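Participant: sequence first, predicted coordinates after that:
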Amino acid sequence: MAPIILLCSLLYQLCDGQPGPPDPPGRIAVVGAGIGGSAVTYFLHQQFGPQVQIDVYEAERVGGRLATLTVNSQQYESGSPSIHSLNLHMQDFVKLLGLKHRKEVAGKSAIFNGEHLVLEETDWYLLNLFRLWWHYGISFLRLQMWVEEVMEKFMRIYNYQAHKYAFSTIEGLLRSLGGDHFVNMTRRSVAESLQGIGVSQRFIDDVISAVMKASYGQPVSIPALVGAMSLAGAQGNMWAVEGGNKLVCSGLLKLTKANVIHARVTAVSLHNSEKKPLYEVQYERDGTLGSDYYDVVIIAAPLQKTGLPISFLNFQPTLPDYAGSYHRVVTSIVHGYLNSSYFGFTDPKLFPFACILSTDSPDAIFHSLESLCPVNVSVGFRRKPPQEAGVWRVLSSRPLDRKELKTLFKSYYSVQVIEWQAFPNYSTHSSSKSLPPIILHDRLYYLSAAEWAASSVEMIAVAAKNVALLAFNRWFELTEKIDQQDLMHKLKTEL
């Protein structure tokens, strides 16, 4: 009987002049092929189906900040080196693509204040806890509980997204996870938040400042939510993809059969077709100008980024300029012999650390110094001891000059330098300013707005699925799936 009832219903709609559901979009453009652009392409393909053509524009390289470079015929991560274990979308991508987790190579860390090491990790967990307690009291326990509470609330988003719920603003998404407290965490510094729960100033100056510098190259005045994401990673449970994290991006684009266009998008123009918006994406490729038309456009690249911006034409009212800039971080991949005596170890054989973080000192040469393993770790692989030439990743605020390189390394064979407009410059973003919008126009979306709440692979992957769900729900007018209040209670009731 069910097919007969369905047929009668359709005939009734036709006779009554009622329109059926809208057709899916014919073409979608995604600007940017980093983890945000690649992930949103996959989620759009998942939502709208394979019949929708998706064009992905990328001016530089697929993978964005998930990048590698070659030293002595081996590849090393030059961008985001690791992914948090709680990033469920990335875990799913790895399984979906048949990729593997890279074999973990253990290594100890230390914190350097420009003169001496203020904290050293050992091989013994209980000894590490004792040292933290001896130096900082119970500050580290208060920090751990704070981070765990934030991450527990953040994990709610995966449940919401599994039930196809989406949010039209970053504030709305955050409020659904942790109420006004989560929104306020984008307006209050990590230092203020930690002081408010009783974390000592010394712990903030020694440990928190070092983690913030290593993660974002910025001081403890950055927003609390940004800091919490970074501190969650600093507590361990990190992993990487065998062969390079960028394989996730290229794999997702290949899986969805997306059309990757290696071109720089210069403008997005609004046109109207049968009272529906149509967007013209204008681009430049190899000195030649081109354009194409789309029903939906997703911007998965920073609009605030300095350089060559995207112009938005024919929009009434005109789209606002988005204040703020991106913070420069310099990555130097050095193949050479570490100068362990700079850190107080005259005999390099006694230097036990794979990673050194620097506190926020005005005289600091670097933010972090890390011994790198290749993206393909073979069985029996070991880190190069300091008395041998190894590959080191140095993060700093500017390129290291010859004197600074000679301070950190006894000698070196090669130095490869990459300058990133890596993260939002949170220190110049006023706490009174609202977060950038997700919806720029009816079917024009800004995925990278999420970075101003927290810049991490986890946040961008979550934002990618939110934008895909939002675009789908708005296209088919599924308003009951957008900006719903009290979702925790709602989902418990449904179950």
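Facilitator: Nice, thanks for sending it over. Everything numeric here is computed off the predicted structure, so don't read it as measured data.

Participant: can you dump the C-alpha atoms of the longest helix along the chain in CSV for me?
Facilitator: When the chain is parsed with DSSP state H, its longest helix is helix 457-475. Extracted in CSV, the C-alpha atoms of helix 457-475 (Å, rounded to 0.1, in the frame of the first residue of the first chain):
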residue,chain,number,x,y,z
VAL,A,457,42.9,20.8,12.8
GLU,A,458,40.0,19.6,15.0
MET,A,459,38.1,22.9,14.8
ILE,A,460,38.5,23.2,11.1
ALA,A,461,37.3,19.6,10.5
VAL,A,462,34.2,20.3,12.7
ALA,A,463,33.6,23.6,10.9
ALA,A,464,33.8,21.8,7.5
LYS,A,465,31.0,19.4,8.5
ASN,A,466,29.0,22.3,10.0
VAL,A,467,29.1,24.3,6.7
ALA,A,468,28.2,21.2,4.6
LEU,A,469,25.2,20.5,6.8
LEU,A,470,24.2,24.1,6.9
ALA,A,471,24.4,24.4,3.1
PHE,A,472,22.3,21.2,2.7
ASN,A,473,19.7,22.1,5.4
ARG,A,474,19.3,25.6,4.0
TRP,A,475,19.1,24.5,0.4
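
Participant: ok now that helix, how far from the chain's centre?
Facilitator: Its chain's C-alpha centre and that of helix 457-475 lie 14 Å apart, by Cα atoms, centre = their mean, to the nearest Å.

Participant: again with stretch 53-72
Facilitator: On the basis of Cα atoms, centre = their mean, the separation between the geometric centre of stretch 53-72 and that of its chain is 15 Å.

Participant: what are the buried residues along it?
Facilitator: Burial within stretch 53-72, assessed by neighbour count using 16 or more other Cβ atoms under 10 Å, is assigned to 54-59, 62-68, 71. C-beta coordinates here come from the backbone N, C-alpha and C atoms, glycine included.

Participant: try stretch 281-292
Facilitator: Of the residues in stretch 281-292, those with enough neighbours to count as buried (16+ other Cβ under 10 Å) are 281, 282, 283.

Participant: same deal with stretch 413-423?
Facilitator: When neighbours are counted by 16+ other Cβ under 10 Å, the buried residues of stretch 413-423 are found to be 415, 418, 420, 421, 422, 423.

Participant: so the fourth one sits against residue 327, correct?
Facilitator: Yes. The criterion here is Cβ atoms under 8 Å, and residue 421 meets it with residue 327 at 7.4 Å.

Participant: list residues touching both of these two?
Facilitator: Common contacts of residue 421 and residue 327, defined by Cβ atoms under 8 Å, 6 or more residues apart in numbering, are absent altogether.

Participant: tell me the helix or strand right after the longest helix of the chain.
Facilitator: Sequence order places helix 487-494 as the next helix or strand after helix 457-475, per DSSP states H and E.

Participant: contacts for stretch 362-382 next, please.
Facilitator: Residues from elsewhere that reach stretch 362-382, judged by Cβ under 8 Å, 6+ apart: 68, 74-77, 81, 102-103, 105, 107, 114, 213-214, 217, 240-244, 329, 333, 354-358, 383-384, 390-397, 400, 404, 407-408.

Participant: at 6 Å instead, please
Facilitator: When contacts are taken as Cβ atoms under 6 Å, 6 or more residues apart in numbering, the neighbours of stretch 362-382 outside the stretch itself are 68, 74-76, 102-103, 105, 114, 213-214, 217, 243-244, 354-358, 383, 390-396, 404.

Participant: over to stretch 96-107?
Facilitator: Stretch 96-107 is touched from outside by 239, 240, 241, 242, 247, 251, 354, 373, 377, 383, with contacts defined as Cβ under 6 Å, 6+ apart.

Participant: again, only this time at 8 Å
Facilitator: 93-94, 239-243, 247-248, 251-252, 255, 353-355, 371, 373, 375-377, 379, 381-383.

Participant: closest to residue 207 among the buried residues of stretch 53-72?
Facilitator: Looking at those and their distance to residue 207, the nearest is residue 65, at 25.1 Å (Cβ to Cβ).

Participant: so what's the closest residue to the closest one other than its chain neighbours up against?
Facilitator: Closest residue to residue 65 in three dimensions, ignoring its sequence neighbours and counting by Cβ to Cβ, 6 or more residues apart in numbering: residue 79, at 4.3 Å. Taking Cβ under 8 Å, 6+ apart as the contact definition, residue 79 lies against 63, 64, 65, 66, 67, 68, 245, 246, 331, 420.

Participant: now the first one, what's its secondary structure?
Facilitator: Translated: residue 63. With DSSP: H, G, I helix; E, B strand; the rest coil as the basis, the three-state label of residue 63 is coil.

Participant: pLDDT score for it?
Facilitator: pLDDT for residue 63: 93.

Participant: what sits against it?
Facilitator: For residue 63, the contact set (Cβ under 8 Å, 6+ apart) comprises 33, 34, 35, 38, 79, 245, 246, 249, 250.

Participant: repeat that for the fifth one.
Facilitator: Residue 67 is in contact with 61, 77, 78, 79, 246, 418, counting by Cβ under 8 Å, 6+ apart.

Participant: flag the least confident of those residues.
Facilitator: In terms of pLDDT, the least confident member of those is residue 79, at 85.

Participant: surely residue 310 touches residue 266?
Facilitator: Yes. Judged on Cβ under 8 Å, residue 310 makes contact with residue 266 at a distance of 6.8 Å.

Participant: pLDDT weak spots in the chain?
Facilitator: 1-20, 234-236, 274, 305-308, 323, 427-433, 494-495 (pLDDT under 70).

Participant: recalculate using a threshold of 80.
Facilitator: Low-confidence segments of the chain (pLDDT under 80): 1-22, 233-237, 273-275, 304-308, 320-324, 379-380, 427-433, 489, 492-495.

Participant: show me where the stretch 151-300 of the chain has its strands.
Facilitator: Defined through DSSP state E, counting those that start in this stretch, the strands belonging to the stretch 151-300 of the chain, from first to last, are 238-239, 259-261, 264-273, 276-285, 288-294, 296-299.

Participant: point out the most buried one among the ones you listed.
Facilitator: Each of these was scored by mean neighbour count; the highest is strand 296-299, a mean of 26, by mean count of other Cβ atoms under 10 Å.

Participant: that's a helix at residue 118, yeah?
Facilitator: No. Applying three-state DSSP, one finds residue 118 to be strand, outside a helix.

Participant: list the contacts of it.
Facilitator: With contacts defined as Cβ under 8 Å, 6+ apart, residue 118 is in contact with 111, 112, 135, 206, 359.

Participant: widest-spaced pair of those residues?
Facilitator: 112 and 135 (14.8 Å).

Participant: on that earlier part again, which neighbouring elements make contact with the longest helix of the chain?
Facilitator: helix 35-48, strand 83-84, helix 88-97, helix 156-162, strand 296-299, strand 444-446 (3 or more Cβ pairs under 8 Å, 6 or more residues apart in numbering; DSSP states H and E).

Participant: mind listing what's buried in stretch 296-315?
Facilitator: Applying a neighbour-count criterion of 16+ other Cβ under 10 Å, one finds 296, 297, 298, 299, 300, 301, 302, 303, 304, 305, 310, 312 buried in stretch 296-315.

Participant: you'd agree the last one is up against residue 320?
Facilitator: Read that as residue 312. No. Taking Cβ under 8 Å as the contact criterion, residue 312 and residue 320 are not neighbours in contact, 9.6 Å apart.

Participant: could I get the contacts of residue 79 as CSV with distance to residue 289?
Facilitator: Putting these into CSV (distance: Cβ to Cβ, whole Å) gives the following:
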residue, distance to residue 289
63, 26
64, 24
65, 28
66, 29
67, 28
68, 32
245, 34
246, 29
331, 33
420, 28
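
Participant: tell me the one of the residues you listed nearest residue 184?
Facilitator: For the contacts of residue 79, the nearest to residue 184 is residue 65 (27.9 Å; Cβ to Cβ).
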